[in-house]
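A.B. asks: Pasting the sequence and the predicted coordinates here, then a few questions.
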Amino acid sequence: MKKIKNNLIFTERVIERSLGKVPVNKELINIHNRKRGNTFNSFLYITAFLSVFGIIGIILRIMNGFDDMSAWSYYVTACMFIFTTFMGAPMVSMATKVARGNWRRPISRMSEIFCISGIAGLIFFTPILWVLPSLEDGRKTLWFFDPGKVPAYSPHIWSTLALLGFVLTALTLLWLNARPDFAILRDKSKGKSKIYSFLAYGWVGSTHQWGSLRDRVSVLGIFYFMLLLTVNYFFASDFLMALIPGWVDSLYPVTLSHNAIQGGVAILTIAVFIMWKWGGYQNFIGLDQLWGLGKLLFGISLLWFWFFISSLMVLWYGKKPNERDVLQLLMFGKYLPIFLFTFFFVCIIPFFALTLDSIRKSYYGPPIIALSVLIGNFLDRFRHYGSAYSLDRTIDDATHRFASLPDIAIPNMVDLMVIFGAVSMPLFFILIISKYVPVISLWENREYLLYGSHEKYYKTEVLVEGKPY
């Protein structure tokens, strides 16, 4: 900061005043307003068709009833995949904003656009409320249950409230971050000005509004992270661990939140690669963005092994009969092939591949590794939720162990409809909203110009970046 007439002018005030002198990047506006090509429209129609296909699958699954929990194993897996993949991507924008890294500016908006996936997750989650048994069935739970005083459907009530808060916070964050861009497009675009006038209502770009924007985004970003942990806590405890007798692991709810962030980084890496390769953003997305995401994916994949081994030790050294059954159910029994593939795709491949500079620091290496992580993430959800919802929870009185362990369920046509729908519906919402929300932030691109300059260094020229406030 500097001193002018005995008044302190903070860095953010200088930037806000200087921002008006930086012209809006016309190329970004033209790319956003251009007519979408056949490839984009084809993907839009395919995801729309598969989304309708998935909704039909939901209806068919509901018509078959809620009594047979094993029939819902793939459905719950697909639903949890949405929350542990798509809804983890916005954390990349929020975490890198806290770290004040300039490299994230071209990809932060794409990260925020994934917030729209919460609507698809909410649609798929609703029927599961009727699948989960109430507290009256006698299963072990974290909730204190007193008939007549405590509702038997407490897990359902609190999970729904937490999920609604999570989705609303995500949508609000997306709107707040995109509001300045809506104002720019309101003034620069043609044909959509009414929509942008509504979305940017009241925005004039005053110093007060910029300060308020940053404060609100910071607070909502904290709430988003807290709700991410809370929602995954409910999904891990009430919708999974409480259904498997003997599974006592206080670390797993945090593990599921970590898996969500890992899946979010992976799917964002693929989205950024698509923007760079086919989206026309080669002038704005470079090696720094994919390299940065590769480093994030490498570190988070190492954490996966730490969470796994920490949870394994609790059951491995406990050696109680039901704890050994949990190990047989999730890892060493009939789900052993699923576990091995999960470990290979989520941990082994990212670890050994991303340690190599030639792969990590490249355009094609991180997206390929990210695809491996997504496959492993889905298998991991199926390994846990598929086995839990297929389990016969009858305990043998003589051995105090499970009467039988479930076989790996083979998906039928309805299951495949649900799986394709769960993957396609978030993508359909993302493609639709990308027609109205710029996938690269216009105002952050303008702000970045104030932080960097090209300076001569010996016989070459380098980019010198200032540390953001």
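C.D. replies: That came through fine.

A.B. asks: P180 versus W210, what's the distance?
C.D. replies: Separation of W210 from P180 (C-beta to C-beta, to the nearest Å) stands at 8 Å. Heads up, the C-betas are built off the backbone N, CA and C, glycines and all.

A.B. asks: Any regions of the stretch 51-200 of the chain where pLDDT drops low?
C.D. replies: Within the stretch 51-200 of the chain, the segments meeting pLDDT under 70 span 138-139, 189-192.

A.B. asks: can you give me the helices in it?
C.D. replies: Assigned helices in the stretch 51-200 of the chain, in chain order: 73-83, 90-99, 105-113, 117-125, 128-131, 154-188, 193-199 (criterion: DSSP state H, counting those that start in this stretch).

A.B. asks: for the stretch 301-450 of the chain, which spans come out with low pLDDT?
C.D. replies: 396-400.

A.B. asks: rerun that using 90 as the cut-off
C.D. replies: 302, 310-335, 351-352, 354-362, 387-411, 441-450 (pLDDT under 90).

A.B. asks: any chance you could map the helices in it?
C.D. replies: Assigned by DSSP H, counting those that start in this stretch, the helices in the stretch 301-450 of the chain fall at 321-327, 336-343, 349-354, 357-360, 365-381, 387-390, 413-433, 442-448.

A.B. asks: could I get the ones you listed as TSV with mean neighbour count and distance to Q282?
C.D. replies: What follows is those, written out as TSV (neighbours: other C-beta atoms under 10 Å; distance: least, C-beta to C-beta, whole Å):
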stretch	mean neighbour count	distance to Q282
helix 321-327	19	49
helix 336-343	16	35
helix 349-354	19	24
helix 357-360	14	20
helix 365-381	23	15
helix 387-390	24	45
helix 413-433	21	20
helix 442-448	20	15
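
A.B. asks: Let me have the helices of the stretch 51-200 of the chain in JSON lines, extended by distance to I58 and mean neighbour count.
C.D. replies: Compiled in JSON lines, these are given as follows (distance: least, C-beta to C-beta, whole Å; neighbours: other C-beta atoms under 10 Å):
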{"stretch": "helix 73-83", "distance to I58": "8", "mean neighbour count": "26"}
{"stretch": "helix 90-99", "distance to I58": "25", "mean neighbour count": "21"}
{"stretch": "helix 105-113", "distance to I58": "24", "mean neighbour count": "25"}
{"stretch": "helix 117-125", "distance to I58": "7", "mean neighbour count": "22"}
{"stretch": "helix 128-131", "distance to I58": "11", "mean neighbour count": "16"}
{"stretch": "helix 154-188", "distance to I58": "17", "mean neighbour count": "19"}
{"stretch": "helix 193-199", "distance to I58": "30", "mean neighbour count": "14"}
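
A.B. asks: Of these, which is nearest K459?
C.D. replies: Distance to K459, taken as C-beta to C-beta, is lowest for helix 105-113 among those, at 28.5 Å.

A.B. asks: any idea of the pLDDT on I274?
C.D. replies: pLDDT for I274: 94.

A.B. asks: how close does it sit to S434?
C.D. replies: For I274, the distance to S434 under the criterion C-beta to C-beta works out to 11 Å.

A.B. asks: can you check L354 too?
C.D. replies: When distance is defined by C-beta to C-beta, L354 is 28 Å away from S434.

A.B. asks: Just the residues contacting stretch 272-291, thanks.
C.D. replies: Taking C-beta atoms under 8 Å, 6 or more residues apart in numbering as the criterion, the residues outside stretch 272-291 that touch it are 27-28, 31, 34, 39, 103-104, 106-107, 110, 269, 293, 360-364, 366-367, 439-440, 445.

A.B. asks: can you pull the buried residues of that stretch?
C.D. replies: Going by neighbour count (16 or more other C-beta atoms under 10 Å), the buried part of stretch 272-291 is V272, F273, M275, W276, G279, Y281, F284, I285, D288, Q289, L290, W291.

A.B. asks: can you pull the contacts of the most centrally placed residue in the chain?
C.D. replies: The central residue of the chain, meaning the one whose C-alpha is nearest the mean C-alpha position (C-alpha atoms, centre = their mean), is G88 at 2.0 Å. Under the criterion of C-beta under 8 Å, 6+ apart, the neighbours of G88 are L228, N259, A260, I261, Q262, G263, G264, V265.

A.B. asks: now L379
C.D. replies: Residues near L379 by C-beta under 8 Å, 6+ apart: I338, F341, T342, F345.

A.B. asks: The first one and R381 touch, don't they?
C.D. replies: No - judged on C-beta atoms under 8 Å, I338 makes no contact with R381 at a distance of 10.4 Å.

A.B. asks: ok, back up a step: quick one: which of the buried residues of stretch 272-291 sit in helices?
C.D. replies: Judged by DSSP state H, the buried residues of stretch 272-291 include V272, F273, M275, W276, D288, Q289, L290, W291 as members of helices.

A.B. asks: The helices of the stretch 51-200 of the chain: which one's closest to S372?
C.D. replies: helix 73-83 (15.4 Å).

A.B. asks: Just the C-alphas of the closest one, formatted as PDB.
C.D. replies: Once non-C-alpha atoms are left out, helix 73-83 reads as follows in PDB (Å, rounded to 0.1, in the frame of the first residue of the first chain):
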ATOM      1  CA  SER A  73     -27.300 -50.700  -4.700                       C
ATOM      2  CA  TYR A  74     -26.400 -49.300  -8.100                       C
ATOM      3  CA  TYR A  75     -28.800 -46.400  -7.700                       C
ATOM      4  CA  VAL A  76     -27.200 -45.300  -4.500                       C
ATOM      5  CA  THR A  77     -23.800 -45.700  -6.000                       C
ATOM      6  CA  ALA A  78     -24.700 -43.500  -8.900                       C
ATOM      7  CA  CYS A  79     -26.100 -40.800  -6.600                       C
ATOM      8  CA  MET A  80     -23.100 -40.800  -4.400                       C
ATOM      9  CA  PHE A  81     -20.800 -40.500  -7.400                       C
ATOM     10  CA  ILE A  82     -22.400 -37.200  -8.300                       C
ATOM     11  CA  PHE A  83     -21.600 -35.700  -4.800                       C
END
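
A.B. asks: So which other helices or strands are in contact with that helix?
C.D. replies: In this structure, helix 73-83 packs against helix 117-125, helix 128-131, helix 207-237, helix 365-381, helix 387-390, helix 413-433, with contacts taken as 3 or more C-beta pairs under 8 Å, 6 or more residues apart in numbering; DSSP states H and E.

A.B. asks: a markdown table for those helices, including distance to G148?
C.D. replies: Supplementary listing: the helices and strands packed on helix 73-83 in a markdown table, determined by distance: least, C-beta to C-beta, whole Å:
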| stretch | distance to G148 |
| --- | --- |
| helix 117-125 | 28 |
| helix 128-131 | 22 |
| helix 207-237 | 24 |
| helix 365-381 | 36 |
| helix 387-390 | 29 |
| helix 413-433 | 37 |
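
A.B. asks: Of all the ones you listed, which one is nearest K320?
C.D. replies: Taking C-beta to C-beta as the measure, the helices and strands packed on helix 73-83 were each checked against K320, and helix 387-390 came out nearest at 18.5 Å.

A.B. asks: Now render the buried residues of stretch 272-291 as a markdown table, adding distance to E136.
C.D. replies: Listed next are these as a markdown table, based on distance: C-beta to C-beta, whole Å:
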| residue | distance to E136 |
| --- | --- |
| V272 | 48 |
| F273 | 49 |
| M275 | 50 |
| W276 | 54 |
| G279 | 52 |
| Y281 | 55 |
| F284 | 56 |
| I285 | 54 |
| D288 | 56 |
| Q289 | 52 |
| L290 | 52 |
| W291 | 54 |
